[in-house]
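A.B. asks: Fold the following for me, if possible:
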Amino acid sequence: MALWIQIPLGLWILSLCCTLGTLVPAEARDTIAIKLTDPVYPKKPKSKHTLIAYQDAQGFPAGYSMGLINKVCLDDVCKLVEVTLYWDAIGYYQRLEYPKGKPLTKLEHEPFTPDDYKKLDSILKDRTSILNDHSLGFLATENKDAPPVGQNETLVDDMDAVTQPTPHAVKEAVVKDAAWTTWVLWKYANTEIVDILQGMTESRCSPGYLQHLLDSKDWQKIEFALKYLLKQKPVPHQYLDQVANLLPSAGIDHVELAMEYLQKGSPDKNTGYRKLIGTLAELDEYNAVLVIELLESDGQLEEGILEALTSSLGEQDYYPIHLALRLVESRGFFSRGVEDDIKKLLQSKDFFIARRASDFLSNQKLSASAKEMLEAFREKYADRL
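C.D. replies: Now for the predicted structure:
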């Protein structure tokens, strides 16, 4: 665990920059006053804090830090927590440091062990933690040996006896014997300040920085860029090709956001559709289904879009192919281009795909060559049709 060491300011900045992974010039930092709610006393006026914003050598936002000295319980028995918290440029917690000689402590003022710090770090990096759903008052029941709440103090929130799980359910979400410290630090790291940090970075977004985020291959950063772009009116279109190229790498949490940008950033709906269809050969089954379902939701697809769809099916799995053919059938559309595309599927190594292509072609008015190919297929596999 890094300690807060008394060294000259210039050397401290250099050390910090190396830790952040980017050499940041000493002047490339801004000090900003902000106000945050104290999670221990949310009804009191917000407290002032000093936030430091860092830039990298290109002048792009590089991250933020904030010193924090705060109570972690509802009386004066617990030691104050004294740390410096760090976030990346898009508001994700990265790490914390504590002053030399002032480690974080647990019950009976026992210092954190290296394993405690490791667990705390993993908890603070989890934005979806169960801690978001519980009050400090609820955690007060987690440890029977915890100091009693003062007579003049009130728990942060009333406990919900109906919907709250037992205290045991949150034990894995906190450092043992340091539930209150864990909860307070998680609240500071992942709630109110996130919107503040993201708003600051948004205010410094430039085309170059957005390109930097999209080039990062980090979907947390790509998500931030896409959400920023979608807030613009009109939605900028210059990143359409790049986002289309990124779509095959999008996971379940991000694919719909990327699809939304391709739709709203396109000058017309058909351009957006063609961008999406152009990715089908590289999409996994789940993402391909999402694209086809989007097309299906449009009751007025142009014939050219349907032809583009059938031409993109050669590398897909059975289910997306089935959905695409069902869509074309439902629109009562057929052309020689569609015929050529589906004839190729008759030769698929996957018999189920070939059989689906056979079923589709059997209901169409085919050319002589297609009829011959279909008849040969049906004769070969007569016992399986």
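
A.B. asks: which residues does Asp298 contact?
C.D. replies: Lys269, Tyr273 (C-beta atoms under 8 Å, 6 or more residues apart in numbering). In short, each C-beta sits where N, CA and C put it, glycine included.

A.B. asks: mind checking the backbone torsions on it?
C.D. replies: Asp298 has phi and psi values of phi -100, psi 110 when expressed as degrees, to the nearest 10.

A.B. asks: ok, now how distant is it from Arg331?
C.D. replies: According to C-beta to C-beta, to the nearest Å, Asp298 and Arg331 sit 10 Å apart.

A.B. asks: Pro45 now?
C.D. replies: 61 Å.

A.B. asks: Neighbour count: the two, which is higher?
C.D. replies: Between Pro45 and Arg331, counted using other C-beta atoms under 10 Å, Arg331 has the larger neighbour count: 15 against 9.

A.B. asks: Against Tyr86, how distant is the more buried one?
C.D. replies: In terms of C-beta to C-beta, Arg331 sits 54 Å off from Tyr86.

A.B. asks: Over to Leu374?
C.D. replies: Using C-beta to C-beta, Leu374 is found at 64 Å from Tyr86.

A.B. asks: and Gly67, that one's in a strand?
C.D. replies: Yes. Going by DSSP: H, G, I helix; E, B strand; the rest coil, the assignment for Gly67 places it inside a strand.

A.B. asks: In the stretch 1-150 of the chain, where is pLDDT below threshold?
C.D. replies: Residues of the stretch 1-150 of the chain meeting the criterion pLDDT under 70: 1-28, 74-77, 139-150.

A.B. asks: Please, where are all the helices along it?
C.D. replies: 9-20, 114-124, 136-139 (DSSP state H, counting those that start in this stretch).

A.B. asks: C-terminal to the shortest one, what's the next element?
C.D. replies: Sequence order places helix 179-190 as the next helix or strand after helix 136-139, per DSSP states H and E.

A.B. asks: burial of Pro114, as a residue count?
C.D. replies: Using other C-beta under 10 Å, Pro114 has 8 neighbouring residues.

A.B. asks: Okay, it and Leu104: tell me how far apart.
C.D. replies: Applying C-beta to C-beta to Pro114 and Leu104 gives a distance of 12 Å.

A.B. asks: same thing with Pro42?
C.D. replies: 22 Å.

A.B. asks: The two - which one has more neighbours?
C.D. replies: A count of neighbours by other C-beta under 10 Å puts Leu104 above the other of Pro42 and Leu104, at 22 against 14.

A.B. asks: Quick one: end-to-end length of stretch 105-121, please.
C.D. replies: 15 Å (C-alpha to C-alpha, to the nearest Å).

A.B. asks: Give me the buried positions along that stretch.
C.D. replies: Thr105, Lys106, Phe112, Asp116, Tyr117, Lys119, Leu120 (16 or more other C-beta atoms under 10 Å).

A.B. asks: How about stretch 339-351?
C.D. replies: Buried-residue list, stretch 339-351, by 16+ other C-beta under 10 Å: Glu339, Asp341, Ile342, Lys343, Leu345, Leu346, Ser348.

A.B. asks: pretty sure Ala302 contacts Lys269?
C.D. replies: Not quite, residue 302 is Glu, not Ala. No. Using C-beta atoms under 8 Å, Glu302 makes no contact with Lys269, being 9.3 Å away.

A.B. asks: Would you map the helices across the stretch 201-350 of the chain?
C.D. replies: 207-214, 219-231, 240-246, 255-264, 269-277, 285-296, 303-310, 318-330, 336-345.

A.B. asks: just so I know, which of the ones you listed lies nearest Glu172?
C.D. replies: Glu172 lies closest to helix 219-231 among the helices of the stretch 201-350 of the chain, at 23.9 Å (C-beta to C-beta).

A.B. asks: which residues touch His49?
C.D. replies: Listed by C-beta under 8 Å, 6+ apart, the contact set of His49 reads Ala33, Ile34, Lys35, Leu36, Met66, Gly67, Leu68.

A.B. asks: redo that, cut-off 6 Å
C.D. replies: By C-beta atoms under 6 Å, 6 or more residues apart in numbering, the contact set of His49 is Ile34, Leu36, Met66.

A.B. asks: what does His212 give?
C.D. replies: Listed by C-beta under 6 Å, 6+ apart, the contact set of His212 reads Phe60.

A.B. asks: now it: how far from Leu197?
C.D. replies: Distance from His212 to Leu197, counting by C-beta to C-beta: 17 Å.

A.B. asks: and what of Leu280?
C.D. replies: According to C-beta to C-beta, Leu280 stands 37 Å off from Leu197.

A.B. asks: Quick check: bridge partners of the spatially closest residue to Pro103 that is not a sequence neighbour?
C.D. replies: The shortest distance from Pro103 to any non-neighbouring residue, by C-beta to C-beta, 6 or more residues apart in numbering, is to Pro111 (4.3 Å). With DSSP bridges as the criterion, Pro111 is bridged to Thr105.

A.B. asks: Likewise for Glu82?
C.D. replies: Bridge pairing for Glu82 - DSSP bridges - gives Ile69.

A.B. asks: Who are the contact partners of it?
C.D. replies: Ile69, Pro99, Lys102 are the contacts of Glu82 under C-beta under 6 Å, 6+ apart.

A.B. asks: Out of these, which comes closest to Asp56?
C.D. replies: Closest approach between the contacts of Glu82 and Asp56, by C-beta to C-beta: Pro99, at 26.7 Å.

A.B. asks: Kindly state the beta-bridge partners for that closest one.
C.D. replies: For Pro99, the beta-bridge partners are Trp4 (DSSP bridges).
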